[in-house]
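Visitor: Dropping a prediction and its sequence here:
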Amino acid sequence: MNPLSMLGGLGRTALSLLANFGKVALFFVDAISHIFRPPYYPREFAVALMNIGWMSLPVVGLTAIFTGGALALQIYAGGARFNAEAVVPQIVAIGMVRELGPVLGGLMIAARVTSSIAAEIATMKVTEQIDALVTLSTHPMKYLTAPRVLAAVITVPILVAVGDVIGIAGGYIVATQSLGFNAAAYLQNTMNFLEFHDIVSSLTKGAAFGLITATMGCYYGMNSGRGAQGVGAATKSSVEAAAIMILAANFVLTGVFFSI
């Protein structure tokens with residue numbers, strides 16, 4: 001293959017990625033700006049709160065409790081090699097609160113919420129309901145995007161906090177029922193080891209992940225292609241983009257909160 005053709009292909013790919021990144025960044029800014037400007041749609045906001053928050057609680061809770069239990073088993077098995085089994089409560093607590101709780105919660109919400117938002121808005125675009133909103137002098141960004149983004153930013157940190165607690169509870173159940181830990185000592189070690197800084201970082205990550213999940217769903221839904229194939233492609237791309245951005249944002253935020 002001609003080296004110039006290869007370089008040209010790489011250049012076109014890089015320019016395409018940068019252009020898409022710029023479009024997403026502008027959409028982020030536009031979505032956030034519409035949150036603070038009237039008119040407001042409280043009914044749409046309430047529906048988004050229910051769909052994103054309450055309806056996501058079961059999947060986040062189940063993910064957290066099994067993760068906490070598995071983490072306790074893994075740490076106990078690994079610690080036994082160095083006679084360090086006693087560190088199970090401390091590592092479960094810090095692992096769930098700092099990393100696993102926010103990241104797994106964010107990914108599960110991306111799988112459930114981002115795909116749902118993208119499919120819903122893409123279907124509205126295909127059936128020309130968004131055009132109807134414009135005809136009725138209703139801004140689609142205000143009516144569709146702003147309530148969902150605001151609801152996600154509010155509810156995802158709460159879901160992450162609940163997931164952290166449930167994950168620690170899962171580790172507690174496994175440790176006390178299967179690994180022979182004293183219940184009171186386990187809880188005391190957990191409380192002594194966690195710091196306020198850890199909790200703040202967890203909730204901040206939750207807010208950032210909520211912003212990402214909702215915005216990606218809205219962005220790909222608004223920019224979907226026509227027909228059923230366009231709706232499917234928008235749904236798939238929204239989840240992929242949200243998952244990658246969550247992992248990237250987690251790395252950046254971890255570097256901000258904790259020295260690398």
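Guide: Yep, it's here. Numbers count the residues shown, from 1 in each chain.
Visitor: Could you list the buried residues of the helix or strand encompassing Ser16?
Guide: Using DSSP states H and E, Ser16 sits within helix 3-35. Within helix 3-35, the residues scored as buried using 16 or more other Cβ atoms under 10 Å are 24, 27-28, 31-32, 34-35. The way it works is simple: take the backbone N, C-alpha and C, and place the C-beta from them, glycine included.
Visitor: Check stretch 96-114 too.
Guide: 96-98, 100-114.
Visitor: next one: stretch 176-191
Guide: Within stretch 176-191, the residues scored as buried using 16+ other Cβ under 10 Å are 176, 179, 181, 186, 189-190.
Visitor: How far does it sit from its chain's centre?
Guide: With Cα atoms, centre = their mean, to the nearest Å as the basis, stretch 176-191 stands 30 Å off its chain's centre.
Visitor: What's the end-to-end length of it?
Guide: Terminal residues of stretch 176-191 lie 16 Å apart, using Cα to Cα, to the nearest Å.
Visitor: what does stretch 131-145 give?
Guide: Length of stretch 131-145, first residue to last, Cα to Cα: 15 Å.
Visitor: quick revisit: so which of the buried residues of stretch 96-114 are in strands?
Guide: Among the buried residues of stretch 96-114, no residue falls in strands (DSSP state E).
Visitor: tell me the SS of Met191?
Guide: Assigned with DSSP: H, G, I helix; E, B strand; the rest coil, Met191 falls in the helix class.
Visitor: Relative to Ala151, how far out is it?
Guide: Distance, Met191 to Ala151, using Cβ to Cβ, to the nearest Å: 32 Å.
Visitor: Ramachandran coordinates for Asn83?
Guide: As for Asn83, its main-chain torsions (degrees, to the nearest 10) stand at phi 60, psi 40.
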